[in-house]
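K.L.:
no FASTA, just this:
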């Protein structure tokens with residue numbers, strides 16, 4: 001039996017274009033999406049559309065990582081990060097905005113933005129099928145599409161008022177192409193103090209490159225000017241299970257040994273959450 005498109009996905013069809021032939025329109029056809037030439041893309045029963053073509057992008061977000069992320073985010077420990085993203089967006093666009101979340105994960109941050117913009121619609125892009133199942137249900141005005149964000153996006157030019165990038169890979173050329181000239185790019189990334197207690201105690205935790213900010217500005221500089229940067233930093237008190245989920249939801253999960261995670265003395269009960277959030281305008 002064909003899958004019916006969610007209302008949010010139907011409302012996002014005008015943003016999409018066929019990733020194979022690059023024509024603008026995709027239309028629903030018996031539970032799938034099809035372009036005028038006939039290229040067809042599946043819509044999963046979980047609600048997201050898969051536009052990936054050719055070699056599939058590899059995502060580290062497997063089922064265990066997504067479940068850990070869902071549990072951890074439900075504690076509210078990262079709520080201030082969600083709030084700063086929503087605040088930067090709400091101050092830059094009208095309530096009727098189109099928001100594209102690149103590397104959207106489970107849709108947690110996109111849902112926070114849409115809650116602050118009652119007339120806005122959202123579209124999340126991610127490679128992780130497991131994460132997209134959550135993203136497609138994260139908000140009634142958010143659609144989700146499977147896509148490798150390192151490749152040219154399956155979106156028409158100049159359709160987004162906001163591009164949101166939270167702890168996610170960046171594709172500056174595509175960010176600039178899909179944003180309207182009056183749009184904003186919001187980038188949220190960890191500072192060098194983020195989760196310092198975990199990185200100090202757990203061998204294998206992925207380090208934060210001290211040159212990360214320089215590389216970010218070098219990559220975005222040809223396309224964007226920074227408008228405002230906010231730092232969000234606070235202590236988060238966590239249970240042992242919260243800490244385990246925090247580690248498990250990141251790429252560090254592959255590098256930290258089970259023995260270290262089972263050693264209670266190595267796990268802190270408080271960590272520093274520290275991020276930088278910058279709003280950019282297109283050049």
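P.N.:
Arrived safely, thanks for sending. Quick caveat, the model's predicted, so the values are computed rather than measured.
K.L.:
quick one: low-confidence parts of the stretch 151-283 of the chain?
P.N.:
Counting by pLDDT under 70, the stretch 151-283 of the chain shows low-confidence ranges at 260, 263-265.
K.L.:
Please enumerate the helices of it.
P.N.:
172-178, 196-201, 212-220, 240-248, 258-261 (DSSP state H, counting those that start in this stretch).
K.L.:
Adding mean neighbour count and distance to residue 150, write the ones you listed out as JSON lines.
P.N.:
Heads up, the C-betas are built off the backbone N, CA and C, glycines and all. As requested, the helices of the stretch 151-283 of the chain are exported to JSON lines (neighbours: other Cβ atoms under 10 Å; distance: least, Cβ to Cβ, whole Å):
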{"stretch": "helix 172-178", "mean neighbour count": "19", "distance to residue 150": "9"}
{"stretch": "helix 196-201", "mean neighbour count": "16", "distance to residue 150": "26"}
{"stretch": "helix 212-220", "mean neighbour count": "14", "distance to residue 150": "13"}
{"stretch": "helix 240-248", "mean neighbour count": "20", "distance to residue 150": "24"}
{"stretch": "helix 258-261", "mean neighbour count": "12", "distance to residue 150": "31"}
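K.L.:
I'd like those helices as JSON lines, with distance to residue 30 appended.
P.N.:
JSON lines is the format used below for the helices of the stretch 151-283 of the chain (distance: least, Cβ to Cβ, whole Å):
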{"stretch": "helix 172-178", "distance to residue 30": "28"}
{"stretch": "helix 196-201", "distance to residue 30": "48"}
{"stretch": "helix 212-220", "distance to residue 30": "41"}
{"stretch": "helix 240-248", "distance to residue 30": "39"}
{"stretch": "helix 258-261", "distance to residue 30": "47"}
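K.L.:
Out of those, flag the one nearest residue 78.
P.N.:
Across these, the minimum distance to residue 78, taken as Cβ to Cβ, is reached by helix 240-248, at 9.4 Å.
K.L.:
what packs against that closest one?
P.N.:
Counting contacts by 3 or more Cβ pairs under 8 Å, 6 or more residues apart in numbering; DSSP states H and E, helix 240-248 packs against helix 63-73, helix 196-201.
K.L.:
Figure out which of the helices of the stretch 151-283 of the chain is closest to residue 134.
P.N.:
Residue 134 sits nearest to helix 240-248 of all the helices of the stretch 151-283 of the chain, at 14.6 Å, using Cβ to Cβ.
K.L.:
And for that closest one, what's in contact with it?
P.N.:
Contacts to helix 240-248, defined as Cβ atoms under 8 Å, 6 or more residues apart in numbering, come from residues 64-65, 68-69, 71-72, 75, 77, 195, 198, 202, 205, 238, 253, 256, 261, 264, 267-269, 271.
K.L.:
Apply 10 Å and report the result again.
P.N.:
Applying Cβ atoms under 10 Å, 6 or more residues apart in numbering, the contact partners of helix 240-248 are 64-75, 77-78, 195, 197-198, 202, 204-205, 236, 238-239, 252-253, 255-256, 260-262, 264, 266-271, 273.
K.L.:
List buried members of those by neighbour count.
P.N.:
65-73, 77-78, 195, 197-198, 202, 205, 236, 238, 252-253, 256, 261, 266-268, 271, 273 (16 or more other Cβ atoms under 10 Å).
K.L.:
Residue 40: which of the helices of the stretch 151-283 of the chain is closest?
P.N.:
That would be helix 172-178 among the helices of the stretch 151-283 of the chain, by Cβ to Cβ, at 23.2 Å.
K.L.:
can you list the helices and strands packed on helix 240-248 in JSON lines and add distance to residue 172?
P.N.:
Below are those laid out as JSON lines (distance: least, Cβ to Cβ, whole Å):
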{"stretch": "helix 63-73", "distance to residue 172": "26"}
{"stretch": "helix 196-201", "distance to residue 172": "28"}
